[in-house]
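In: Here is a sequence together with a model predicted from it:
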Amino acid sequence: MKFTKPAWVTHKDSAMRGDDKRVSIFSCHVHPDGSRIATGGLDAKVRIWSTKPILNHASELSGRPPKSLCTLMMHTGPVLVVRWAQSGRWLASGSDDQIVMIWDLDPTAKGKVWGSDEVNVEGWKPLKRLVGHESDVTDVAWSPGDRYLASVGLDSAVLIWCGYTLERLRKIEQHQGFVKGVCWDPVGEFLATGSDDRSVRIWRTTDWGLEAEVRKPFDHSPGTFFRRLSWSPDGAHITASNATNNEGYVFIAAVIARSSWTSEISLVGHENTVEVAAYNPHIFLRDPSQPVAAHNICSVVALGADDRAVSVWQTKAPRPLVVAKDVFERQIMDLSWSADGLTLYAVSSDGTMAVFSFDATEMEGIAPQSAQEQYLKRFGFTPPPLPDGYSHLTALEPAKPQQTNRITPPPSPRAQSQDFGSAANAAPGGEQVHTLVAKRKPKKRIQPTFASNIPSSSSNGINASSMFVSSSNASAARAPVSISSNIPISVPSTSALPLSVSQPFGTSSSSFGLGLNTGESSDFPMDLDGEVRISSLETTGKGKRKAGDDFDERLGSKPRTLGGDRVRENISVRPLPGRAAPAPPVGGGTVMWAEGSALMGRLEPPQLVTYLKATIEGSEDLFEGRNAEGDEPNEVLYVSGKQTQWLDYLPSPILAVTATPMFCAVAMQDGTLTVYSHTGRRIMPPLSIGSQCCALASSRNMLMLLTVSGMLYVWDVKKQAAKFPPTSVAAILGSSPNLTIISASVRPNGAPVIQLSDGVAHSYDSSLCVWTKLSEPWWAEGSDAWQGRQRSNSQLTRGAQPLAVLESAISERMAVDDGRAEKVRPTWWSAALTLGHLESKLHATRALESPQEYKQALLLYSKRIADEGFRGKAEELVKELFGPVYWRPGRDDAWSPTVLGMAKRDLLKEVLNIFVRSKTLAKLGQDWQDTLKKSQNGD
C-alpha cells in the first residue's frame, strides 16, 4: 500500500492572513473513469483535480496532465458535498446556500478564472440549480443508473429529483432533526438517510414510503458535522456512522442488515465519533475459484472519524486491514473510492487530502463488474422506466481508461491488473492490522510505502514488514529512504481474542475490532507496541498550522475569547467519591442543609462525576462541566464543534449543568447557581440557594432548580425575575418515605413538571398558588381517552405533545394490573372516568401550554358528552366558549376571547359541528350555530 498527501490539493481563502490560507475541505468524489477528483470546501468553490499527478510522481513533476483542471464558483456558501453521476456526465454539488447545483461539461468555458491567476484547463458550466431546500444541503447521492438524485439538508427534508429531467419528484419530511447523510441501495429498491434525530430511515423507491426506522445503535450518538452512511455493493448491509455502544461511551460504526433492518454487528476501535463510511464499489470473493454466491461474498468498507484516523475493513475478518492514525490534524469529512477499487481518497477539515493506493494483490478477490451486476439481479427488483426521450452516456469502464468515450482530456492512471489468486477461508492467525502513526516534521510531502503486501485470509502467520518513506521536494528528486530494513508489526491473532457476544472487542487507545451490539462492551487491550512510525508527515513548510490552531474556519477570523485558544480534550466520565459536600459548622452554627428537614434524605443531589454536558437545542454546541480529580480548579466550557469558545473556573465542584439557545447554567456543590450567556458573560448575579441541587432543568428562557431540601425555584432569565415565590414540594411528596421524585422539568411558559414514583404528575399554578395534578394512573382504570396505551406514537418522543408524553411515561412505569379489568364496575364507570379525565386534560394542557392537545381533548370531550346526551354539560361548555353575547374588547375583562392562542369562537364552531351531528344535541347545536352566525354578522 502507498500513502500520499499532495500539498497542492487545497482550497484557499484569499482573505485570510499569513502564508497558510488553507480552509476546510468538506467533500471529495472520484470521477467514474478515475482520471479526476472533485472537492468542495469552505471557500464556496468546487475544484476538479487530475488524479494522475497524485498517484504518479513523474506526472506531478512534468505537469502533464495539469494538476488543477477546473474551479467552479457559482455557490455563495461553503460546498458541503460533491458527487459525480455514475455516467460521469454530470457533477452534483450541495452547499450552505441551500442549492444543489448540477454541472455539465462545456468545452467553451476554458480560460482564466475570474478574479484569480488560475486557469481552467477544462470547462464545466452550471446546467441547473435545484431549488427546494430551506437550509444547508449536507449530502447528495445518485441512484443506480442515475435514475434519481437524492439530497438532504439541515431543513430535515429529503428531496428526490429525477436524474434525467432534474425535476423534483418528492419531498419527504418525516425526520425530526438535521439530515446529514444519504445513500442508495445498489439494487435500486431502497434509499437510506441518517439524521440528528438519532435514526437511520429506510425508504422504498416504489412509493417513497417508510420501510424501516433504525434507532437502537444511535440512541446516544453525539452531534457531528456529517452522518455519511454507505450501502454495501452486494446490497446486504448499510454501514452507518455516528453510532455508539455502552450508552454513548464506545464509538462505533453500525452495520445494518437488509430486510431485518437490525444492527447486530458493529465496527469498534475509533476513539471518537465516526463521521463517514464508504464501501469499496466492488464485491470481493472469499474464494475466487468458487462461483459468485452469498456465502462466498464479502465487502470492503472504509471509516473516517473525528479521532483523525482512517480504518479499512473487510467484512470477512474481525480486524481492519489498515488503520492510519494521525493522518490529519482535524476530523475526516469525506471518503471516496476509485472505480477500480484500489485507491481511497480522504479529506479533512484541516484542508488537506490523503490518498491510499493498494496493489491488486492486497485487494485480493475483486469480482468483475459483470458478476456483480448478475448477482444483484437475484433480488428481482425492476427499476422504473426512464423518461421518454432521455438517456445518459454509458458508464465508463474504469478498467479501460484509454477508451475513446472519455469526456475529458487528462489521462487516467493505468488500472492495475486484477489477479484473482488462490484464497482460502480465513485462518485463525491470518489477520493483521497495519497501523500508521504520524510523527510530524515540517516536510512538504511524503509517500510511505509498505514493502510487504497486506496478507490475505489464507495467510497462516504474521510476517515482519518493511516500510519505506520517500519525501518529496520541489528541488530534489524523489528517493526512497529506508527507515528500517525490518520493522515487525505485532498484532495478536484472532485465536488470542475470540469474537463472542459476551466479550465484544473494546476500544482501548489502539484497539480495532468487530463487535456485536449487545448493549455492553468489555475492553480488550491490543498489543500494538510494534506500531510503524512515519518519520515525517507534513503537507506544507512554513506557516503550517499547529495542533493548537484547531478552530472553526467557517467563522473566518476568530475573535479572541476567554480560553478560545485552547484545544478541547476528551475526558472520560468517572465518579468522584472523595469530593464530599461541605461539612456543617461546629458549635451550634446554622446548618446549611437544614431547611425542609422533613424531606432530608428523600431528595439526593446528583452523583459527583468528572464530566457533565448539556447540548444546545438546535445546534451541535455543548456546555460542559469538568470536575478536577486533584487540586486543579473546576471549570465550565462552551464548545462549538471541536473548539472551545470560552471557559470559566468555579470555586466549588459542579453538580449539574443545563443549557438552552438563550443561556447556560451551572449548579455547584456549595449551593450556588451561576447563569451565563452564550458568550460566557454572567447575565445574572450568582444565586445563593442555600441548599444543594437535586435537579436542574431549562427550556427557552426558563430555568428551574429543585434543591435537596425540597424547595422549587423557577426564573425567567430574560426578564431576570422569578415566575413565583420559592415553593416546597413537601405538599406533593407527603409523609410517605417511599414516595420520591422521578423526573423534574420545566415548560417554556415556566410551568414546572414534577413526576413522582407513584405515577402522579404535578405542576405549580402560580395564579392559584397551589400544586395541581396534570395526570395520574387513576384515569387508566377506566378512561377511554387514556393515551398511555398509544406509546408507539412517534410524536411522543419529540415533545410535541407533553401531556401524552407524561401519560406514556406513567403507563410504562406503573405496571398494569390485569385483575382490574375483571372487576365488576358500576354502570357509569367508563363514562365518569372518561369525562373526568378529559376535563382534567383541558386544565393540564392549558397549564402546559399545549394548544394541539387542548384542541384534541376539547373535541373528544364534546363528542363524548354528545354521545351521552349530557345537555347541561354541553350548554355550559358552549357558553364558556361563546362568552358574553355583546362582548367587546376592553368592556369585559372577565372573559378572554382566546385560549392558548386559539380563538374560542373558532373552537366553538367545531364543537357545534359535533353537536349538530349527534342524535341528542342536534337542536342545541343548530340554535347556537344561528346565534354564533348572528354575532359574527353584527346582528
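Out: Thanks, I have it.
In: Bridging across strands, which residues link to residue 754?
Out: Beta bridges link residue 754 to residue 744, residue 762 when assigned by DSSP bridges.
In: how close does it get to residue 722?
Out: 17 Å (Cβ to Cβ, to the nearest Å). (C-beta placed from N, C-alpha, C; glycine too.)
In: Which residue is the nearest non-sequential neighbour of the residue nearest in space to the middle of the chain?
Out: Note on the chain: the residue nearest the mean C-alpha position is residue 196, at 3.5 Å, using Cα atoms, centre = their mean. Nearest-residue entry for residue 196: residue 177, 3.5 Å, with adjacent residues in sequence omitted and distances by Cβ to Cβ, 6 or more residues apart in numbering.
In: what about the helices in this structure?
Out: Assigned by DSSP state H, the helices in the chain fall at 52-55, 57-62, 369-376, 730-733, 802-813, 819-822, 829-848, 851-868, 871-882, 904-916, 922-937.
In: Next, the buried residues of the fourth one.
Out: For helix 730-733, burial by neighbour count (16 or more other Cβ atoms under 10 Å) applies to 732-733.
In: on contacts alone, who are the packing partners of that helix?
Out: strand 752-756, strand 770-775 (3 or more Cβ pairs under 8 Å, 6 or more residues apart in numbering; DSSP states H and E).
In: Flag every buried residue along the last one.
Out: Going back to what we said before, that points to strand 770-775. Buried residues in strand 770-775 (16+ other Cβ under 10 Å): 771-772, 774-775.
In: Give the full set of residues in contact with the residue lying closest to residue 353 once chain neighbours are set aside.
Out: Leaving aside its chain neighbours, residue 353 sits nearest to residue 9 (4.4 Å; criterion: Cβ to Cβ, 6+ apart). Shown in contact with residue 9 (Cβ atoms under 8 Å, 6 or more residues apart in numbering): 39, 49, 54, 67, 352-353.
In: give the contact list for residue 619.
Out: 223, 640, 661 are the contacts of residue 619 under Cβ under 8 Å, 6+ apart.
In: The residue nearest to the second one when sequence neighbours are not counted: what's it in contact with?
Out: For residue 640, the nearest residue in space outside its immediate sequence neighbours is residue 621; the separation is 4.8 Å by Cβ to Cβ, 6+ apart. Contact partners of residue 621, counting by Cβ under 8 Å, 6+ apart, are 615, 638-640, 645, 678.
In: Roughly how far does residue 621 sit from residue 660?
Out: Note on residue 621: its distance to residue 660, by Cβ to Cβ, is 11 Å.
In: same check, this time on residue 379
Out: 48 Å.
In: State the distance from the residue nearest to the centre of the chain to residue 723.
Out: From residue 196 to residue 723 the distance is 31 Å (Cβ to Cβ).
In: Pretty sure residue 331 sits against residue 306.
Out: Yes: with contact defined as Cβ atoms under 8 Å, residue 331 reaches residue 306; the gap is 4.1 Å.
In: anything in contact with each of those two?
Out: Joint contacts of residue 331 and residue 306 (Cβ under 8 Å, 6+ apart) are 272, 275, 642.
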